[in-house]
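> below is the structure, and that's it, no one-letter string:
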């Protein structure tokens, strides 16, 4: 068998920033990846004024032409997003895990749930973030009651069905997530 290899540099398709994670998505005709990145980067000292700096891109890879194209974008995600997990077909989206929230997004839909009070405060601030009118930040909402947990780096998610996922925290806590 032979391999076809082509090089795609992210700046050449208009993606700039620090890549946090990448996964292949299920259910697309062409191989499609979700890329999570932060642009511009923020730090603890800037979080009060600049905290919605993470962007997720859906990028289709055209194997015959050796090209890539952005098919969807979700901007104004919280800076603490760190991991992507592919949803099962027929859903064609990705679960974005942050320290304080969990977000499902695809080409047409976004739904996010705050896991603790810190995320709930940030949700209110999202409405003032630059680019809010062109983003999905309005879909962020607080879970009632708040779970009072954080989902740090190292959190694992596995989709059991297209609508249910198990989320295991590094602390050993296990949660069942249901997508509506």
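Right, received. Where do you want to start? None of these values were measured; they are calculated from a predicted model.
> what's the per-residue pLDDT of residue 106 here?
Looking at residue 106, its pLDDT stands at 84.
> which residues touch residue 104?
Residue 104 sits next to 87, 93, 94, 95, 96, 110, 111, 112, 179 when contact means C-beta atoms under 8 Å, 6 or more residues apart in numbering. For glycine as for every other residue, the C-beta is placed from the backbone atoms N, C-alpha and C.
> do residue 97 as well
Residue 97 neighbours (C-beta under 8 Å, 6+ apart): 81, 82, 83, 84, 85, 151, 155, 157, 167.
> test my guess that the last one contacts residue 175.
Which is residue 167. Yes. Look at residue 167 against residue 175 with C-beta atoms under 8 Å: they come within range, at 4.6 Å.
> nearest to residue 62, of the contacts of residue 97?
Checking these against residue 62 by C-beta to C-beta gives residue 84 as the nearest, at 21.6 Å.
> bridged to the closest one, which residues?
Under DSSP bridges, the beta-bridge partners of residue 84 are residue 96.
> burial measure for it, as a count.
22 (other C-beta atoms under 10 Å).
> any idea how far it lies from residue 104?
11 Å (C-beta to C-beta, to the nearest Å).
> also residue 34?
12 Å.
> list residues touching both of these two?
Joint contacts of residue 34 and residue 104 (C-beta under 8 Å, 6+ apart) are residue 94.
> name the next helix or strand downstream of the lowest-mean-pLDDT helix or strand in the chain, please.
Ranked by mean pLDDT, DSSP states H and E, the weakest helix or strand in the chain is strand 140-142, scoring a mean of 55. Going down the chain from strand 140-142, the next helix or strand is strand 156-161, by DSSP states H and E.
> in that following strand, what's buried?
Using 16 or more other C-beta atoms under 10 Å as the test for burial, strand 156-161 gives 157, 159.
> can you check stretch 55-64 too?
For stretch 55-64, by 16+ other C-beta under 10 Å, it's 55, 56, 57, 58, 59, 60, 61.
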